[in-house]
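In: would you be able to build a 3D model of this:
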Amino acid sequence: MVAAQRLPWLVVTLPAGVWTDRLDRRSVIVGSDLFRGAVTLLVATVVSVRLAGRADPGDTVGTDTALYGLVVVATVAVGCADVAHRGAVPAHDRTDRACPGGRSDGPRAGAARPLTLRRRASYRLTMAAPGELEARVIDAVRRCCERWGVSKVTIDDVATEAGVSRATVYRLFPGGRETLLEAMRVADTEGFLRLLTSKLEGADTLEEILVRGLVEATVALRTDEHLQLVLLSEPGALAQQLTVEGLPQIVALTGTFLAPWLGPFVGDRSDELAEWLTRCVISYFLVPSSHIDLGDRASAERFVRRFVLPAFESAVSGRTTP
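Out: Sure, this is the predicted structure:
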């Protein structure tokens with residue numbers, strides 16, 4: 001019974017979604033509407049002829065077979081139009097979930113109206129390259145998390161926000177929801193680290209690299225709007241992302257990004273130092289201290305001189321960065 005219920009989705013909707021995402025959605029919508037109109041008119045004409053008694057009884061079987069075939073093709077067209085329409089006209093009138101701060105999202109002012117033949121000329125949807133499409137989906141995940149919270153985001157939300165079908169989301173991220181969230185964390189971490197390493201330009205001593213890195217990382221975390229929204233709405237989810245679920249990935253990426261800066265000073269202990277710094281920044285960000293403020297340069301300098309440099313003193317080579 002379950003297999004029979006899923007059969008139309010597997011035979012029609014899933015292939016329609018994959019096919020539609022490779023074409024111009026406006027053309028798919030308009031073409032499907034025109035084809036369905038033509039099939040409806042043809043069926044009505046055949047029925048009228050039969051009721052009038054003008055049809056040749058010998059041609060009934062062939063005519064019925066052709067009509068059944070047209071109906072099947074029209075069903076596929078309906079699936080394609082439905083997928084294209086949902087991707088072309090995203091809706092955000094989610095009244096059943098609360099936004100950060102307890103507000104109801106409610107229907108948006110100026111929400112998109114259904115696409116019709118009269119309004120079709122105002123739409124011009126183009127396909128993105130594979131890398132651009134993945135980035136668009138990840139951006140959609142981020143916006144959905146900000147709007148409704150991490151725990152309430154669904155694949156349907158992401159597909160609608162990105163303007164693609166569910167089939168495309170699963171094709172790009174086969175693991176589904178958890179894979180999407182992991183991809184968002186990796187993308188956010190890589191962007192954060194690229195910004196951080198750009199702030200290290202000109203630092204020529206280990207102390208300056210560490211102090212500047214701690215200060216810039218802490219300030220960036222505190223001023224990140226996405227993190228602040230998640231921290232207000234779901235502090236537990238954010239803590240889990242930065243510790244249990246996401247920390248191993250964050251540590252690995254930090255070691256890769258900081259290796260060119262730390263390696264000349266501490267050699268093969270650069271990964272160890274990068275991990276220590278990462279854990280310190282995250283810990284003080286999630287649970288601020290009344291004694292140490294890594295966002296303040298003077299406080300960060302005292303922290304580095306008292307705790308970090310002595311621990312790596314034997315490994316410091318005294319060389320400068322290239």
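In: restricting to C-alpha, output the host helix or strand of Glu146 in PDB.
Out: According to DSSP states H and E, Glu146 maps onto helix 130-148. Presented in PDB, the C-alpha positions along helix 130-148 are these (Å, rounded to 0.1, in the frame of the first residue of the first chain):
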ATOM      1  CA  PRO A 130      26.300  23.800 -10.000                       C
ATOM      2  CA  GLY A 131      28.600  25.700  -7.600                       C
ATOM      3  CA  GLU A 132      26.300  28.700  -7.600                       C
ATOM      4  CA  LEU A 133      23.200  26.500  -7.100                       C
ATOM      5  CA  GLU A 134      24.800  24.900  -4.000                       C
ATOM      6  CA  ALA A 135      25.700  28.300  -2.600                       C
ATOM      7  CA  ARG A 136      22.100  29.500  -3.200                       C
ATOM      8  CA  VAL A 137      20.700  26.500  -1.300                       C
ATOM      9  CA  ILE A 138      23.100  27.000   1.600                       C
ATOM     10  CA  ASP A 139      22.100  30.700   1.700                       C
ATOM     11  CA  ALA A 140      18.500  29.500   1.800                       C
ATOM     12  CA  VAL A 141      19.300  27.200   4.800                       C
ATOM     13  CA  ARG A 142      20.800  30.200   6.600                       C
ATOM     14  CA  ARG A 143      17.800  32.400   6.000                       C
ATOM     15  CA  CYS A 144      15.400  29.700   7.100                       C
ATOM     16  CA  CYS A 145      17.400  29.100  10.300                       C
ATOM     17  CA  GLU A 146      17.300  32.800  11.100                       C
ATOM     18  CA  ARG A 147      13.600  33.000  10.400                       C
ATOM     19  CA  TRP A 148      12.300  29.900  12.200                       C
END
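In: same for that helix, what does it pack against?
Out: If you count contacts as 3 or more CB pairs under 8 Å, 6 or more residues apart in numbering; DSSP states H and E, helix 130-148 packs onto helix 155-162, helix 166-172, helix 177-198, helix 225-233. All C-beta spots, glycine's among them, are computed from the backbone N, C-alpha and C.
In: just send those helices back as a markdown table, with mean pLDDT too.
Out: Shown next, in a markdown table, are the helices and strands packed on helix 130-148 (pLDDT from 0 to 100):
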| stretch | mean pLDDT |
| --- | --- |
| helix 155-162 | 92 |
| helix 166-172 | 90 |
| helix 177-198 | 87 |
| helix 225-233 | 71 |
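In: now distance to Thr278 and mean neighbour count too, for those helices, in JSON lines please.
Out: Shown next, in JSON lines, are the helices and strands packed on helix 130-148 (distance: least, CB to CB, whole Å; neighbours: other CB atoms under 10 Å):
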{"stretch": "helix 155-162", "distance to Thr278": "28", "mean neighbour count": "21"}
{"stretch": "helix 166-172", "distance to Thr278": "29", "mean neighbour count": "20"}
{"stretch": "helix 177-198", "distance to Thr278": "10", "mean neighbour count": "16"}
{"stretch": "helix 225-233", "distance to Thr278": "15", "mean neighbour count": "16"}
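In: any idea which of the ones you listed gets closest to Ala135?
Out: Of all the helices and strands packed on helix 130-148, helix 177-198 sits nearest to Ala135, with 7.7 Å by CB to CB.
In: what lies in contact with the helix or strand just after that closest one?
Out: Remark: after helix 177-198, the chain's next helix or strand is helix 206-223, criterion DSSP H and E. Applying CB atoms under 8 Å, 6 or more residues apart in numbering, the external contacts of helix 206-223 come out as 192, 195-196, 199-200, 203, 227-228, 258, 261-262, 265-266, 277, 280-281, 284-285, 294-297, 300-301, 303-305, 308-309, 312, 316, 321.
In: quick revisit: wait, which of the helices and strands packed on helix 130-148 is closest to Leu273?
Out: The closest of the helices and strands packed on helix 130-148 to Leu273 is helix 177-198. By CB to CB, the value is 14.6 Å.
In: Ala162 and Glu234, how far apart?
Out: Ala162 is 22 Å from Glu234, where distance means CB to CB, to the nearest Å.
In: typo on my end, it should be Leu286
Out: According to CB to CB, Leu286 and Glu234 sit 13 Å apart.
In: more crowded one of these two?
Out: Neighbour count, other CB atoms under 10 Å: between Leu286 and Glu234, Glu234 has more, with 19 against 14.
In: for the host helix or strand of Val47, packing partners?
Out: Here Val47, judged by DSSP H and E, is contained in helix 25-51. Here helix 25-51 touches helix 60-88, going by 3+ CB pairs under 8 Å, 6+ apart.
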